[in-house]
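Engineer: one predicted model, sequence on top.
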Amino acid sequence: MGTSAIIFYTIAAIMIVFSLLAVTARKILRAAVYLLFALGGTAAIYFMMNYFFLAAVQLIVYAGGIVVLIIFSILLTSHIEEKMQKPDTWKIILTSILGFGGTALCLFVITNHLFVAHPATGAEATMATIGEKLLGYGEGGYVLPFEVISILLLAAMIGAIVVAKRNKPKGNG
Amino acid sequence: MEYQYTLWIVALPLLAFLINGLGSGRLPGKVSGWIATIAIGGSTFLSYQTAFQYFSSPSREKVIAFKTTWLRFNETLHIDMGILLDPISVMMLVVITTISLMVFIYSQGYMKNENGYDRYFAFLSLFSFSMLGLVVATNLFQMYMFWELVGISSYLLIGFYYDKPSAVAASKKAFIVTRFADLGFLIGILMVSYYTGTFDFDILTNPDGLNFSTTASFLGLSSITWALLLIFMGGAGKSAMFPLHVWLPDAMEGPTPVSALIHAATMVVAGVFLVARLFPLYYAFAPTALEVVAFIGAFTTLFAAIIACTQFDIKRVLAFSTMSQIGYMMLALGVSGYGGEEGLGYTASLFHLFTHAFFKALLFLGAGAIIHAVHTNDIREMGSLRKHQPVTHILFLIACLAIAGIPPFSGFFSKDEILAATFATHPIYFGIAVIVAGLTAFYMFRLYFIVFWGKEKKYEHAPHEAPTVMLIPMIVLAIGSALAGFIPFGHYISSDGQSLTLHINWLVAITSVVIALAGIGVAWTFYKTGSDASQKVIKALGSVYTSAFNKFYIDEIYILITKGVIFRLIAKPIAWFDRNVIDAFMNLLAAITNWVSSQIKEFQSGQVQKYAFIFISGVLIIVLSLIYATQ
Amino acid sequence: MVEQVPLNHALIVTTLMFFIGVYGFLTRKNLITMLISVEIMLNAVNLNFVFFDNYLFPGKLEGHFFSLFIIAIAAAEAAVAIAIFINLYRNIRSIDVEQVDKMKY
């Protein structure tokens, strides 16, 4: 077993453990922090696959953006010290059955399928390539989804402001 | 010969209606009355022009002045809108516009202080428009539509005082009864058009051009006879023939000028006009239907005349008198033949329609002037009005003489022709007609003596003569009533379009005048001399008088039939069935649905996680089955 | 790493992560923790894309760009979701998913 394999399995273990913790932690702020670790692990795997830009985005947007956003909303809406109730036992049992069933099904498919690797061709994921592809409009160019995503982000921004804005007092009240 | 301008005769009142109707409440002062009067005045002028132009030409052909296809079913069957000019429609144009104009002018005085002055003139214009459209209709369907328009404007005007419950009830009664009759009319129209494939009078009234099977098809009568009987049912409803007459006396709840225009001179004779319009069809294909027309006419004329002798409401006396006179016209139509001297009844009927319009309108306007002065309809509270209303007195007397058939007033001539026509064909009907002539003279002079002579009664304030604006139309109508008889009517209007010279049948004439004078004489002794002879006669007649006074209980019979039989025996069980069987079944369905939905609504819990759980389970099951299927 | 770790193992890791997210989404009551679960699921899918890209179609970068866009969409989604939560909290003083059932039948 090579070094990278050891590192991968370690990171994989960390990710799974922290994911589990994130969905079971009784204190909400801790759940958010565990999520941060799970996301960081993902970024580490991207690094291992030499997708540096993606890893950086993962860290900046997920770890830096979304998690901070979540923590802010937690601070706005919850008492940090409060322990959340344990879910109903029935709920846990049923959901576990569903989860294990789904996992089993997927694992069954994964283990029974023979994946055929293609030889490496084309570009490395350097910044230059990524930039050209994102703005390219020919074969393998992503300018259309890029623009659509930018509009989506704009819409989300406006939508978030409109939804979260305090309603104007109606009439005299 | 161009008759294009006749379109304006119909269009002007419509314009007046639209202006007054849309501007209701926004027009200043009495402008609406002027608009309506000027519009109808224009129509009158054009009608006279039309009549002059039409009758001065030697031909009596039908002229289609204007025609447009309004609704197209197929190549042959389509509904047109148009203007048909022939002797009777031109005659009706003259009658309607003249009476309308007089009534419009009169109304300016009569309605002066009423609320809804604009509304009144709007409705009145609507009525004039509909009535004019009715008489110039080129086909049955156009006639039917205007027929209904006339019905609705009559309804609106009877119910003009809509805050008075009796007026509301009367308007509903008039509408429902005539509507019921119109149902027969509609079915008749559809049957006729089914067998002929046309609505056009042009084709329908040309008996050579049609070919019907006159063999019996139903209850021993041919289908065309049934169709024409049903059409006559519509006419009987509008013309208040027995047994569809019940609405007319109640219709007197409307303003008096309305009674004069609609319920005396124009709308109620629409039935006569209808039968006259289709007369060739009746004569050629359905003599049985004509016999029915004659019988109904004869019965109604006698029936209404008897009731008229007993009533005390001035307008109701006139209403029953109208029924009686229309019965006369129907009778004359029913006994008439086609062509030449045979067609005397046809000419006599329309002649009587013509003269009757004048003197009956005058009687109503006179009654309006009296009611205006004494504020009551009851003749027992009137008396010696000749001192207070000398002009009205003279005019009323002229009208009474005209309706009683005293020469040389117009009623004499037209009534004489009707009597002559019945005399030549049906002795029994002749007998009835003579009796009715006597009764007519009696009840009219009963009214006249009680109201204008009789004892002086106490009035709230001294009765005053009607204002000039009301007197002028009455004077014009009085001139018409007095002189209309000298028009050589047969020269213009006859069943086959040939000129017909009317002779006075001296035997008949003398009989009728004598009996009319006898009627007047009886009225004189009963009511003028102040003797108690009338009370004795009433006592002697006993129950006959009572039942006549109660209009022979026809209204009660209607109530019995509708309430006792239809409502209780038919409608109630059906209502029970509807409520307890049909509704119950529907309620059961609803209850089942309700129960099931309340059982399954838990699926729709609003809990996102439940939805997600089910969704993911579904996805897994589908994937599982796909995998299973591919292996 | 591609030489040393078989693709199957990598996929097992993402599968586990995804169903952990599903578990959290279905059991958590707090809307924010549900959002956290959703992020975990998205992250697992991202990883999946990248694995396929890297193992089966190296150099084409399609999975790479997919992940990139998914991250952008996840950011937008989180922003809107949190705006809704805050508004909801302001209205009913709670972000418990079981109390948000006003729209049922």
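Structural biologist: That came in fine, so what should we check first? Residues are numbered from 1 along each chain as shown, chains lettered A, B, ... in the order given.

Engineer: roughly how far out does the one helix or strand residue B:585 maps to sit from the chain middle?
Structural biologist: Using DSSP states H and E, residue B:585 sits in helix B:583-600. Here helix B:583-600 is found 52 Å from its chain centre; the criterion is Cα atoms, centre = their mean, to the nearest Å.

Engineer: pull the residues that contact it.
Structural biologist: Residues from elsewhere that reach helix B:583-600 (Cβ atoms under 8 Å, 6 or more residues apart in numbering or on different chains): none. C-beta: built from backbone N, CA, C; applies to glycine.

Engineer: kindly report the same for stretch A:159-167.
Structural biologist: Residues from elsewhere that reach stretch A:159-167 (Cβ under 8 Å, 6+ apart): C:79, C:80, C:82, C:83, C:84, C:86, C:87, C:90.

Engineer: OK, contacts around the fifth one?
Structural biologist: Same thing as residue C:84. A:163, A:164.

Engineer: from residue B:339, how far off is it?
Structural biologist: Using Cβ to Cβ, to the nearest Å, residue C:84 is found at 93 Å from residue B:339.

Engineer: all the helices of chain C, in order from the start?
Structural biologist: C:7-27, C:31-56, C:62-92 (DSSP state H).

Engineer: could you dump those helices into a markdown table with mean pLDDT and distance to residue B:46 added?
Structural biologist: Shown next, in a markdown table, are the helices of chain C (pLDDT from 0 to 100; distance: least, Cβ to Cβ, whole Å):
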| stretch | mean pLDDT | distance to residue B:46 |
| --- | --- | --- |
| helix C:7-27 | 92 | 87 |
| helix C:31-56 | 91 | 83 |
| helix C:62-92 | 89 | 75 |
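
Engineer: contact partners for residue B:118?
Structural biologist: With Cβ under 8 Å, 6+ apart, residue B:118 has these contacts: B:20, B:23, B:24, B:25, B:27, B:32.

Engineer: do that again at 7 Å, thanks
Structural biologist: Applying Cβ atoms under 7 Å, 6 or more residues apart in numbering or on different chains, we find residue B:118 in contact with B:20, B:24, B:25, B:27, B:32.

Engineer: which of those residues lies closest to chain A?
Structural biologist: Distance ranking of the contacts of residue B:118 against chain A, using Cβ to the nearest Cβ, places residue B:25 first at 36.7 Å.

Engineer: how many neighbours does that closest one have?
Structural biologist: By other Cβ atoms under 10 Å in any protein chain shown, the residues close to residue B:25 number 8.

Engineer: and residue B:410, how many neighbours?
Structural biologist: By other Cβ under 10 Å, 29 other residues sit near residue B:410.

Engineer: these two touch, right, it and residue B:402?
Structural biologist: Yes - in this structure, residue B:410 is within contact of residue B:402 by Cβ atoms under 7 Å, at 5.3 Å.

Engineer: which neighbours do those two share?
Structural biologist: Any residue near both residue B:410 and residue B:402 by Cβ under 7 Å, 6+ apart counts here, and that gives B:359, B:481, B:482.

Engineer: element containing the second one, please.
Structural biologist: This means residue B:481. Assessed by DSSP H and E, residue B:481 sits inside helix B:468-483.

Engineer: show me the contact partners of that helix.
Structural biologist: Residues outside helix B:468-483 that contact it (Cβ under 7 Å, 6+ apart): B:102, B:105-106, B:108-110, B:358-359, B:361-362, B:365-366, B:369, B:391, B:395, B:398-399, B:402, B:409-410.

Engineer: sounds good, over and out.
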